[in-house]
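what's the 3D shape of this:
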Amino acid sequence: MRQSFKFLALVAALQSGAAWAVDPFVLKDIRVEGLQRTDPGTVFASLPFRIGDTFNDDKGAAAIRALFATGIFKDVRLNIDGTTLVVVIEERPIIANVSFVGLKEFDTEALSKSLKDVGIGEGKPFDKALADRAEQELKRQYLTRSLYGAEVTTTITPLERNRVNVSFTVTEGEPAKIKDIRILGSKVFSEGTLLSQLEETTSGWLTWYTKTDRYSRTKLNADLETLRSYYLNRGYLEFSIESTQVTISPDKQSISLAITVHEGQPYTVTAVKLEGDYLGREEEFKRLIGVKPGEAYQAETVSQTTRAFSDFFGAFGYAFARVDSRPEIDRATGQVVVVFNADPQRRVYVRRVLVSGNTRTRDEVIRREFRQFESAWYDGQRIKASRDRVERLGYFKDVTIDTAEVPGSPDQVDVTLTVTERPTGNIMVGAGYSSQQGISFSGSIRQDNVFGSGNYLGLELNTAATGRAISVSTVDPYFTVDGVSRALDVFFRTNRPYNSLGNVYEFSTYGGAIRFGVPFSELDTVFFGAGAEITHISNTQGVPNSYFLYEKEFGSSSLSVPLTVGWQRDGRDSVVSPTRGLYRRFNLEVSPAGDAQYAKMNGQVQQYFPLTSKFTLMLNAEAAYGTGLDGKPYPIFKNFYAGGLGSVRVFTAGSLGPVDVTGSYMGGNFKANANAELYLPVPGSGNDKSFRIFGFFDAGNVWNTTSSLDPVTWGSVRMSAGVGLSWLSPMGPLKLSYGNSVRQAPTDRIEKFQFQIGTAF
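Numbers count the residues shown, from 1 in each chain. You can find the predicted model right below:
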């Protein structure tokens, strides 16, 4: 007698209690039929019984459920042949290949990996339900990119040996653009003012690059939070967003947004109260309060005060202090009292400082940057300073610090610093073009973290129309245990100053130097150095008269022994695209011995002012002065030059200052320039600080104060004004300007349009 049943038939029989019931019997044997790739052990392991067990309807149903649950089998049948159970299997086909057709918006490799994680990938059993889910997920991903008309079709192609190819054919279509954004219910602020706060915009002439006209639910939520913050920072404590409506056109090509807001009434702060335990330092905490009575309530200022309180508690070892703020509102008068409640909880100290993730960099290189020590009271400010110092090393992609309680010791914590290393070696060949210098080439081999020691070693080569340079440098940032750095340089440079008559001449300098950097504070570093240089003036035709006279008196080669001292303090929020902060530097170079004896100094002050969230004002002032020593004149080859980008724009680089009888621009021993720039984002780019336009006003010149023929007067100052564009483009940094001279002299050379772009490849 042979009986056969499938899962559904068995379930129906069990529910009806009728004809398909199997009389229980003792299994003498179990056979598996139909397997092609699956190991028989997989089937036997899924069965809820073994030979010698009693088989019945319940165990048969459980076996079928278990086999289907593996996801490997398309069909399962149980046949009974006497006391032998025959398991007949039909395997699911295996996916041989997953391909995409018409995919442009997403990376194929990343998409294949994500689908493999959900069961659609090469070598996995094919499941039509999973393929349908993958198709729907692809459509959902396109919705996040505003491609509402995207269509996805799944094609299954059977192959030999029970395999299939899965192909997703995508018709992406054009992205839906935001046609209109309305903010309804606003009375205090104009709709235009509120729209300018949003990241999402309607289509503009630059949105092809910024893509801010593409609707995204995530971006919309961020914009709603921006609106909420805008009102809360202006006293509207009860502001709320009542509704958001997103409407898409029938052709799925345009979207309209409508945001309805409830402004409420403005509230003015009348008082600030402190509640809780402030360690008896209430006066010190009060100095951290940014909220001022008489001003409109500002949520951001309240949050900043809360964070400042928490950080200040951390400085005394209270790592888990809780600080909450509470507004006490009086709607009748439109007034609010801000209450800060503090609970310092318990004081803790650091048991261990742990470092992880550094596979190349030595532990000591990281630990020497730490300002928080083991077995000392927890200090939040020192821990933050430690993280910042490690991050500034530049050896790591990411630096994080976690604080964890020690189990069983509530007054102890372990501080773990986790780093993700990045390659610190660099072999680069670069090229660039400048309207000032023509085509230039550069190459360098450098290692910022030699053998994980934290030392720098570099070789650099540069060539341009105005000169060439080669240098070898090494820096030991911890030459002493106190953090004094040492730098060694060996260099060779040739310079070809600008000559209005087209004559070619050059002078070359080679030598070496040693410098030490002494950290006087976390932000201030003082540099000391000494070196030796030999400068040779070529005898090529066209040497300026000033160089000829200097060579005649002192010879074609001059030895100098420059001693240097400098100071630098950089408080800008970014080196690439700063918006706030102050940068200051001062350098003094003195050569008391050798053929060329001189002293020169230069200083710079640069300040960035954030006028609004989008407008930034930069003011810069720089001056340099040189003089001869011991009765000798200031060396002509140490002169300063001005003009061009980074100095006084509109004037050709190196073309300002005195001109000798040969038509050569001599430069001078005194240089001064001042610059003002007003930065704003390119219209349509949102608040992208890597792509900014600016208006500028420059003033400055170089003078030869050793000659009575070149006095420093206000009338001799050159001025220019214009507009410019600064862009960190995919090809490299781009900076261009266009302007006109406001004040010039007949000998000046004008270059209204100036630009510079370069990249590494």
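
now the helices for this structure?
7-16, 40-46, 57-69, 108-117, 128-144, 191-195, 207-210, 217-232, 282-286, 299-314, 363-367, 380-392, 545-554 (DSSP state H).

okay if I get those helices as TSV plus distance to residue 258?
Quick note: C-beta positions are derived from backbone N, CA and C, even for glycine. Written out in TSV, the entries for these read as follows (distance: least, CB to CB, whole Å):
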stretch	distance to residue 258
helix 7-16	51
helix 40-46	56
helix 57-69	48
helix 108-117	34
helix 128-144	19
helix 191-195	11
helix 207-210	20
helix 217-232	11
helix 282-286	45
helix 299-314	25
helix 363-367	53
helix 380-392	43
helix 545-554	72
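
turn the ones you listed into JSON lines, columns for mean pLDDT and mean neighbour count.
Putting the helices of the chain into JSON lines (pLDDT from 0 to 100; neighbours: other CB atoms under 10 Å) gives the following:
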{"stretch": "helix 7-16", "mean pLDDT": "40", "mean neighbour count": "14"}
{"stretch": "helix 40-46", "mean pLDDT": "86", "mean neighbour count": "15"}
{"stretch": "helix 57-69", "mean pLDDT": "89", "mean neighbour count": "17"}
{"stretch": "helix 108-117", "mean pLDDT": "79", "mean neighbour count": "14"}
{"stretch": "helix 128-144", "mean pLDDT": "83", "mean neighbour count": "15"}
{"stretch": "helix 191-195", "mean pLDDT": "91", "mean neighbour count": "14"}
{"stretch": "helix 207-210", "mean pLDDT": "75", "mean neighbour count": "14"}
{"stretch": "helix 217-232", "mean pLDDT": "91", "mean neighbour count": "16"}
{"stretch": "helix 282-286", "mean pLDDT": "93", "mean neighbour count": "12"}
{"stretch": "helix 299-314", "mean pLDDT": "93", "mean neighbour count": "18"}
{"stretch": "helix 363-367", "mean pLDDT": "88", "mean neighbour count": "16"}
{"stretch": "helix 380-392", "mean pLDDT": "84", "mean neighbour count": "17"}
{"stretch": "helix 545-554", "mean pLDDT": "74", "mean neighbour count": "16"}
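
closest to residue 565 out of those?
helix 380-392 (23.3 Å; CB to CB).

next one: the residue nearest to residue 611 when sequence neighbours are not counted from residue 570, what distance?
The shortest distance from residue 611 to any residue that is not its chain neighbour, by CB to CB, 6 or more residues apart in numbering, is 5.6 Å, and that residue is residue 617. Between residue 617 and residue 570 the distance, using CB to CB, to the nearest Å, works out to 19 Å.

next, the contact list for the closest residue to residue 216 other than its chain neighbours, please.
The spatially closest residue to residue 216, leaving aside those adjacent along the chain, is residue 144, at 6.1 Å (CB to CB, 6+ apart). For residue 144, the contacting residues are 216, 217, 218, taking CB atoms under 8 Å, 6 or more residues apart in numbering as the criterion.

in the stretch 601-750 of the chain, which spans are strands?
Counting by DSSP state E, counting those that start in this stretch, the stretch 601-750 of the chain forms strands over residues 616-628, 670-681, 691-703, 718-729, 732-743, given from the N-terminal end onward.

including distance to residue 117 and mean pLDDT, could those go into TSV?
Converted to TSV, the strands of the stretch 601-750 of the chain look like this (distance: least, CB to CB, whole Å; pLDDT from 0 to 100):
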stretch	distance to residue 117	mean pLDDT
strand 616-628	44	95
strand 670-681	38	92
strand 691-703	35	92
strand 718-729	34	86
strand 732-743	37	82
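
what's the most buried one of those strands?
Of all the strands of the stretch 601-750 of the chain, strand 691-703 has the most neighbours on average by mean count of other CB atoms under 10 Å, namely a mean of 21.

neighbouring strands for it, and are they parallel or not?
strand 670-681 (antiparallel), strand 718-729 (antiparallel) (DSSP bridges).

neighbours around residue 372, how many?
A count of nearby residues for residue 372, using other CB atoms under 10 Å, gives 21.

right, and it touches residue 386 too?
Yes: Residue 372 is in contact with residue 386 according to CB atoms under 8 Å; the separation is 5.4 Å.

from residue 68, how far out is the nearest residue in space to residue 90 that is not next to it in sequence?
Sequence neighbours aside, residue 75 is the residue nearest to residue 90 in space, at 3.9 Å (criterion: CB to CB, 6+ apart). In this structure, residue 75 and residue 68 are 9 Å apart, going by CB to CB.

hmm, back to that, give me the pLDDT value at the residue nearest to residue 90.
Model confidence at residue 75, given as pLDDT, is 86.

touching stretch 109-120 from outside, list them.
Taking contacts as CB under 8 Å, 6+ apart, the residues outside stretch 109-120 that touch it are 71, 95, 98, 100, 103, 121-122, 124, 127, 130-131, 133-134, 137-138, 166.

try it again with 6 Å
For stretch 109-120, the external contacting residues (CB atoms under 6 Å, 6 or more residues apart in numbering) are 98, 130, 134.

quickly note the distance from residue 748 to residue 654.
Distance from residue 748 to residue 654, counting by CB to CB: 11 Å.

do the same with residue 621
From residue 621 over to residue 654 (counting by CB to CB), the distance is 21 Å.

chain neighbours aside, what residue packs nearest to residue 629?
Spatially, and ignoring its direct neighbours in sequence, residue 629 is nearest to residue 597 (4.2 Å; CB to CB, 6+ apart).

show me what contacts the one you found?
Neighbour list for residue 597: 591, 629, 630, 632 [criterion: CB under 6 Å, 6+ apart].

mind doing that once more with 7 Å?
For residue 597, the contact set (CB atoms under 7 Å, 6 or more residues apart in numbering) comprises 591, 628, 629, 630, 632.

ramachandran angles for it?
Geometry field for residue 597 lists phi and psi as phi -110, psi 120, criterion degrees, to the nearest 10.

residue 216 now?
phi -150, psi 130.

next, count neighbours for it.
Under the neighbour criterion other CB under 10 Å, residue 216 is assigned a count of 17.

now do it against residue 402, distance only.
Distance, residue 216 to residue 402, by CB to CB: 32 Å.

ok, residue 37 next?
Where residue 402 is concerned, residue 37 sits at a distance of 46 Å (CB to CB).

tell me where the stretch 351-500 of the chain has strands.
Using DSSP E, counting those that start in this stretch, the strands of the stretch 351-500 of the chain run over residues 396-406, 409-421, 425-434, 438-447, 456-464, 467-476, 485-495.

which parts of the longest one are buried?
This points to strand 409-421. Residues 412, 413, 414, 415, 416, 417, 419, 421 are the ones in strand 409-421 that count as buried (16 or more other CB atoms under 10 Å).

what's across from the nearest residue to residue 527 once chain neighbours are set aside in the sheet?
The spatially closest residue to residue 527, leaving aside those adjacent along the chain, is residue 566, at 4.2 Å (CB to CB, 6+ apart). Beta-bridge partners for residue 566, by DSSP bridges, are residue 527, residue 587.

tell me the contacts of residue 566?
Residues in contact with residue 566 (CB under 7 Å, 6+ apart) are 527, 585, 586, 587, 588.

which of these lies closest to residue 709?
Relative to residue 709, the closest of the contacts of residue 566 is residue 588; by CB to CB it sits at 27.9 Å.

list the contacts for the closest one?
Counted by CB under 7 Å, 6+ apart, residue 588 has contacts 564, 565, 566, 601.

pLDDT for those residues - can I get that in a markdown table?
Putting the contacts of residue 588 into a markdown table (pLDDT from 0 to 100) gives the following:
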| residue | pLDDT |
| --- | --- |
| 564 | 94 |
| 565 | 95 |
| 566 | 94 |
| 601 | 95 |
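
write a PyMOL command that selects only the buried members of these.
This is how PyMOL selects the buried members of the contacts of residue 588, with burial counted by 16+ other CB under 10 Å:
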select buried, resi 564+566+601
